[in-house]
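> Let's see this in three dimensions:
(chains A, B and C)
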Amino acid sequence: MGISVEEVRKVAMLARLLLDDEELQAMSEQLTKILDYMELLRRVETSNVEPLAHPLELVSVFRPDQLAASLPREQALACAPRHDGQCYLVPAVLGEL
Amino acid sequence: MNQPYEIVIGLEVHVQLLTESKLFCGCSTKFGAPPNTQTCPVCIGMPGVLPVMNRKAFELALKTALALNCEIARFTKWDRKNYYYPDLPKGYQISQYDLPLSRNGYLEIRDPSTGSCRRVRIIRVHLEEDAGKSMHDEVAGKADSRIDLNRAGTPLLEIVTRPDIRSPAEAKLFLTELKLLLNYLEVSDCNMQEGSLRVDANINLHVTTPEGVVPTPIVEVKNMNSFRAVERALSYEAARQYAEFLETGKRLGEVPKQTRGWDEDAQITREQRTKEESSDYRYFPDPDLVPVITSEAELQAIRTSVGELPAALRSRLESTWGITAYDSEVLVHQGRAFVDYFEQLARVCGDGKLAANWMQQDIARVLNDQEITIEQFRLSADQLGELLRMIPERRLDTRRAREVFNKMLETRQTTAELVAQMGSVELDDRQIEDICRRLLAENPKTVSDIKSGKIKAVGGLVGQAKKINPNVDPARVRELCLRLIEEMD
Amino acid sequence: MSRLLELSAVELAELFRQGELSSSEIVDSFLEQARRWDGTVGAFLQLDAEQCRAQAAAVDEKRRRGEKLGPLAGVPIAIKDILCTAGTPTTCASRMLGNFVPPYDATVICRLREADAVLFGKTNLDEFAMGGSTETSAFKLTRNPWDLDRVPGGSSGGSAACVAARMVPLALGTDTGGSIRQPAALCGVAGLKPTYGRVSRFGLIAYASSLDQIGPLARCVEDLALSLEIIAGHDPRDSTSYPGEVPPYRTLCKQPLEKLRIGIIPEQLEQIDPAISQAIREAAKVFQELGAEFREVSLPHSEYAVACYYIIAPSEASSNLARYDGVHYGYRTDERQMAERLAEERRLASAGKSPEEPDPPLVRLFRQTRSEGFGPEVKRRIMLGTYALSAGYYQAYYLHAARVRRLIRQDYDQAFSQVDVLLGPVTPTPAFRIGERIQDPLAMYLFDLFTVGANLAGICGLALPCGFTADGLPIGLQLQGPPFSEPRLLQLGYWYQQRTDWHRRVPPRLRSESSPAGVSSNR
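Numbers count the residues shown, from 1 in each chain, chains lettered A, B, ... in the order given. So this is what the prediction gives:
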C-alpha cells in the first residue's frame, strides 16, 4: 500500500511541515517503501487482543492539589524567539486555523 | 407566534473546576494575574516535562458527573487531541476521547412559569486541560498576536448534551440550572466574564413542509458571552436558518457543517472559516498519563460529598416549610448559604411563609443595597428569628417589626433591647386595664353611646389607646373596654 | 595513556573517598584525554572544561571539610544531550533546540548532583534520538573509536564513543528502540536499558514516551549497577514511574550465581553475521561454566517487532514533537523573509499563476520553522506517525500495532515462564561504515531487529562486549530479563566480566601516544 505525493502533501500540512516538490517526491517513495514493509503486520490476527498503550500497567497516579512556585516571567520568556516582556508574540491569529 | 418548525439545540459547555492548582502542575489557576506569571515548564510544554494529574480535579469531575446522573466509568484514560495553535503549547490538548469518565446522564429543568419539568440528556462529562489565550488588537491593526499561557493547563470539565433542547429560552433555562447545580456542588464558580463557563451550541430546525418534516443543516454557534447572549444568538440563528431554508431549500447533509460566531455588537451570527483538515485530531492514548480505575468505595465517598442538590432542595423546602414553588425557586437560586439562613430563620420564628417573605424582600433588599452576600449579612438568623417570632405571637405587627429590623442593622443592640427601648414591649393586663379605665373616664359620651347599643363607637377608644401606647393589642383593648362598661351597671 | 583512565567509576570513587586521588586530578586526566581525542571521535556536543573543574574543586572542598560524600563523589559522568541540564544548553542534536537552555534539571541529573558526581559534558546523538548511527545529528559526526570510518551506533553514539575512548568512565544514554544497547555493542562497552518505569523520564526530552528509558553506559558492569542505584527510583513528577523500592544493585550484582536457566532463540543466531553468532556461542559456554543451564525458546511475534515499533514510536513522536513550533522556545524561521515569500505567493495566486492558496502567516510560520528546524529523519518519522494516527489509518496502523505490541509482550511473558533470562545478539552485524546506510531508512530500521522488542514489552536488557570480528570490530551480546530483573542481569554481567576481558580491551588507536591526523572532526 503506497502513499501518493498528494497524500504526502496532505499529511505534511497536518504535521505542519513544508516540503518542496522534490522532498514530497522523495518522501512519497521512502514512506511507500516503509509502509510496504509494514504490510507484514497484516498477517497478525489481533481482533481479540487488547491494545497495549503502556508497558508498565500502572493506574490511578495523582498529585495533591497543591500550589508550587511558577517560573518568573523573565525566565519563562527568556527561551522564546520573540516576546514583548509580557507575552509571546506570533504573526496575527485570525480565526480558526 | 406559531412557527412551522421545531428548534433543535444541543449544548457543549466547558466549566473551569475550582482547584488551587492546574490540572498537571502546581501553577495557580487564579484569574486576573498579569500575563505569563502563572506558568512553569510543565504548562509551557517545555521539552522533557511530564504531566501528573491533580486528584482534586478528578474528584470534582466525578462529583459533577454523579450530580448529573451519569454512569461513571470504572476505567477511564486520557488521550491527546493533536492540533496546532499558538496558545496550545504542547501542540496537543490532553483530553478524553473514547473512554470518558462518565456518560449518559441528564439534568432536569423546570419551567418556573408553568412548573412543568423536562429532562435534558447528557451524552458525556469529561475532564481536560484548557489552552492559553491569544490576544489580537484589531483596532490598532497590529500584525502580532500576543500569547498568554496563564490559563493553559487549567482543569476544564466538558459537558455535552443531547439535542434535547427545544427553544432558545429553554437553552438559557438549562444553563441557569446547570450553573446553579455547579455552584451547589462547589465545583465551579461559572463566571462567564472570567471565562470559567463557556458555551457552544449546535442548532438546526425541523421544518414542517407538505412533504413531511425536513431537518436543516446543523450550525455550531460560538462566542456567546452570557446566558442572555446564548438566548439571543440562538433566536437569531433559528430565524436565519428558516429564512435560508425558504431561500435555498438546503437540508441536513447537503452542506458541510458550518461554524458561526455571535457578534454581540451587531446582534447577528457570522460565518467562521475552518480548514477542512482541522477536524483530524489524531487522538491516541497519552503515554505520559496512566488510566484511572475508580473503586466502589471511592465512588461512595464522593457520592456522600455531593450533598443536597437544587431540585431536591426545592421540593424539601416546599414540603417542610409550606412555601410555594415560586418561593422555593427564588430561595434556592440564591445559593446554599441563603437557603441555610432561611431555614434557620424559619425554625426560630416558626413560620416558613413569613421567613420566606422576609428573605425575598427585606433581606434581599439589604444585601442588594449593600452589595454583600448572606454570609456577610450582619444579623444572624437567630437574632432575626427572635424578632420575627413576635409577629405571629401578635406582640409586634409587621410595620413595627420592620422598624426594629432597620434599627438592628444600624446598631449592635439585641432584639430585646431594641423592643424595650422603642417601647415595643408587650403590656401586661394591669397596664391595659389602667389605660382602658382612664379612657372610659375621659370619654363619658362614648361610654353612653356604647351603652345604648352603638358598639362600633368602641373603635374610637381603641384608636386613642394606641396613641397612648403603640404596643397595645387593639383586640384586647376592645374586649376590655366592653367588659368594663358592662360592669359599670 | 594514563593508568587512571583505565579505572572503573567504582574504583575512582573509592580512591577519591580514601583520599588517594582528588576529583580535580581525576577530572583533569579525563579532560586531557578528551582534549587529545575528541577532535577525532567527536563524542561531545559541549564539554566545558572550566565547569568540570569547578565541580571537581567543589567536591574536593567538600571532602576536605569532612562532609558526607555521595556514592559517585568526584567521578565524571557524560550526559546524552537529550537530558535537560539547568542553565546548560540541551539541544537533542537538533537545530530546533540549538539555543534551548532549560530552566530545570532532569530528575536523573538532580540525582547525579546529589550523588556528588561531576557532570562531564553533553554527548552527541541522533537528532531527537531518531536513528541508529548518530549520523542524523544536526551538529556533528561521531566516529567509532575502534574504526574511525565507522559509525559508533546510535542514538546514544556520543555516550558510547566517549566511554570507549576513555574520555569518561561512565555516561548516561537513553534507549527507545536500542539506543543504549546498540551503540554500546558497536563501541565495545556495556550498556543497560532498565525496565520501563524504573528510571524517571522527567527531563528526558521525549521521542516516544511509552518506550523511552534512561540508562547507563560504562565498561564495567559494576559501574552500571552503581549508577542505576543512583538514578533509579520513584519520581512524583513522572506518572509512569515505578513506585517500588530500588534494590542495592551494586551489592546484588556481586552475589554468587545460583543455578540459572538461560533461554536462547536458535533462529536469531542463524540470521546474523557468523562472527557474531560465534561470539554469542562462546559467551554461552562461559555462562554454562558459571552454572547456567540453557534452553531453547521462541518469541513467535518477534518478526513483527520492527514494523510494530516503527508505527508506535513515530506516532508518539509526531505528537511529542508538535510542541516545536517556534512560539515558546527554540528555533523560529526568519519572519521577514517568510513574509516576503508569502506576499510573492499571494501575488502569484491572485494572478491565477499558482494553483494553491498560500498559507495564513501563522500556519506558514509553523511549517517553515519545523521544516528548517528538523532534519530529514525526524521529518520522516513525524510524517510516518502523523499518517499512522490520521483519520482512516488509525485502526489499520496505530491501533493494530498497539495490539501486536501486546502479543510481543505476551511472548516475553511466556518465555520468562520457562527461563530466567534470554541470551542473544544486540545487532545483526558489527558497526557499519559512515554514510553506508543513511540513504536507506528501511535498512537502518531493520538493524534494530533484536533491540526493539525489549522496549515494546517494557522489559530490561543489558549489552556486554563479548568479542571482536576479524577486522577488530567489537561484538556485543544481549541479556534480556523480565520487568525489574535488573539485579539478575547485572549479576550475570558481573560474573561474565570476571571471566572475560573483552571490556578491558582498548581501541588500538588510543594506545598510540600521539593524536591521529588526517581525519576531519566535523562534517
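
> Next, the contact list for the residue in chain A that chain B sits nearest to, please.
Residue nearest to chain B within chain A: residue A:68 (2.6 Å; Cβ to the nearest Cβ). C-beta coordinates here come from the backbone N, C-alpha and C atoms, glycine included. Residue A:68 makes contact with B:21, B:25, B:26, B:27, B:40, according to Cβ atoms under 8 Å, 6 or more residues apart in numbering or on different chains.

> before we move on, what about residue B:325?
Counted by Cβ under 8 Å, 6+ apart, residue B:325 has contacts B:112, B:115, B:314, B:318.

> Repeat that for residue B:286.
Each residue near residue B:286 by Cβ under 8 Å, 6+ apart is listed here: B:51, B:77, B:78, B:79, B:80, B:94.

> The same query, at a cut-off of 10 Å, please.
In this structure, residue B:286 makes contact with A:53-54, B:51, B:77-81, B:92, B:94-97, C:209-210, C:239, C:316, C:319, judged by Cβ atoms under 10 Å, 6 or more residues apart in numbering or on different chains.

> and what of residue A:80?
When contacts are counted by Cβ under 10 Å, 6+ apart, residue A:80 touches A:87-90, B:36, B:44, B:147, C:326-330, C:332.

> these two touch, right, residue C:454 and residue C:411?
No - at 11.8 Å, residue C:454 and residue C:411 do not qualify as touching, with contact defined as Cβ atoms under 10 Å.

> Can you check which residues contact both of those two?
Common neighbours of residue C:454 and residue C:411, using Cβ under 10 Å, 6+ apart, are residue C:305.

> nearest residue to the residue of the stretch 51-200 of chain B at minimum distance from chain C other than its sequence neighbours?
Chain C sits closest to residue B:91 of the stretch 51-200 of chain B, with a gap of 2.5 Å, by Cβ to the nearest Cβ. Distances taken as Cβ to Cβ, 6 or more residues apart in numbering or on different chains put residue C:322 closest to residue B:91, at 2.5 Å, once the chain neighbours are dropped.

> how near is the residue of chain A closest to chain B to residue B:339?
Note on residue A:68: its distance to residue B:339, by Cβ to Cβ, to the nearest Å, is 37 Å.

> on that earlier part again, need the contacts of residue B:325 in CSV (columns: pLDDT).
Shown next, in CSV, are those (pLDDT from 0 to 100):
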residue, pLDDT
B:112, 72
B:115, 74
B:314, 92
B:318, 93
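
> Select from these the one having the most neighbours.
Counting neighbours by other Cβ atoms under 10 Å in any protein chain shown, the top entry in the contacts of residue B:325 is residue B:314, with 21 neighbours.

> In space, what's closest to it - neighbours in sequence excluded?
Ranked by Cβ to Cβ, 6+ apart and with sequence neighbours excluded, the top spatial neighbour of residue B:314 is residue B:328, at 4.2 Å.

> residues contacting residue C:460?
The contact partners of residue C:460, by Cβ under 10 Å, 6+ apart, come to C:175, C:192-196, C:198, C:213, C:215, C:228, C:421, C:454, C:479-490.

> Now, these that are in helices?
C:228, C:454, C:486, C:487, C:488, C:489, C:490 (DSSP state H).

> Could you identify the most distant pair in those residues?
Largest separation among the ones in helices among the contacts of residue C:460 by Cβ to Cβ: C:454 and C:487, giving 16.6 Å.

> more neighbours, these two?
Shown here are residue C:454 and residue C:487; by other Cβ under 10 Å, residue C:454 has more neighbours (29 against 19).

> Please report the distance of the more buried one from chain B.
Going from residue C:454 to chain B by Cβ to the nearest Cβ, to the nearest Å gives 17 Å.
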